[in-house]
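Novice: 3D model of this:
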Amino acid sequence: MAAARPARTLWGMSSLTWTDTLALGQPRMDDTHREFVDLVASLEASLGGPAPATDSALEQLLAHTVEHFAQEERWMAAIGFSPENCHAFQHAHVLQVLREVTRLHREEGDLALVRQLVGELSKWFPVHAQAMDAALVEVMAERGFDAETGRIAVPVAADAAPITGCGGASCS
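Specialist: Residues are numbered from 1 along each chain as shown. The predicted model follows:
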């Protein structure tokens, strides 16, 4: 696994850095997660600089996060998750907040809100990755799902109830 890659900001170390504890053993997901962590660190580093740099960092994070979550939701659909599951609901909430903060920064230059977003994402992401995304990886492995090709070795049974929770043993 990759070593921690701390990012420097105006105030010292980034609030969110990649560490081995975030790695889930699913290469495509881990790469996507590393990129998310790097983009949050870039957003944090942009604070205190010119507003266009923060706007750009927010837009990059938003574009990445839209595709990041859509990718996971495509995987969930392929392996038997209900379209209305708690993992996807959490994604929708985070995207709603990210879009609103991006809008408010663009329109009002609200740096305090962007700083708060960075802090909240830095707390939320490790928990989300180690719980919900880890459960997704577990179900992907159980189904023999290949994230690159979309092939499933153990297809979902026609009469199987869709997964409405996160998919892990601790949440149905």
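Novice: contact partners for E142?
Specialist: Listed by Cβ atoms under 8 Å, 6 or more residues apart in numbering, the contact set of E142 reads V154. (C-beta placed from N, C-alpha, C; glycine too.)
Novice: mind checking the SS state of it?
Specialist: Secondary structure, DSSP: H, G, I helix; E, B strand; the rest coil: E142 is helix.
Novice: return the set of buried residues in stretch 122-130.
Specialist: By neighbour count with 16 or more other Cβ atoms under 10 Å, stretch 122-130 contains the buried residues 122, 125-126, 128-129.
Novice: and that stretch, average pLDDT?
Specialist: The pLDDT scores in stretch 122-130 average 96.
Novice: give me the contacts around that stretch.
Specialist: 14-16, 21-22, 24, 33, 36-37, 40, 90, 94.
Novice: where does pLDDT dip in the chain?
Specialist: For the chain, applying pLDDT under 70 flags the ranges 1-14, 162, 165-172.
Novice: for the top helix by length along it, packing partners?
Specialist: With secondary structure taken from DSSP state H, the chain has its longest helix at helix 51-78. Applying 3 or more Cβ pairs under 8 Å, 6 or more residues apart in numbering; DSSP states H and E, one finds that helix 51-78 makes contact with helix 27-46, helix 86-108, helix 111-128, helix 134-143.
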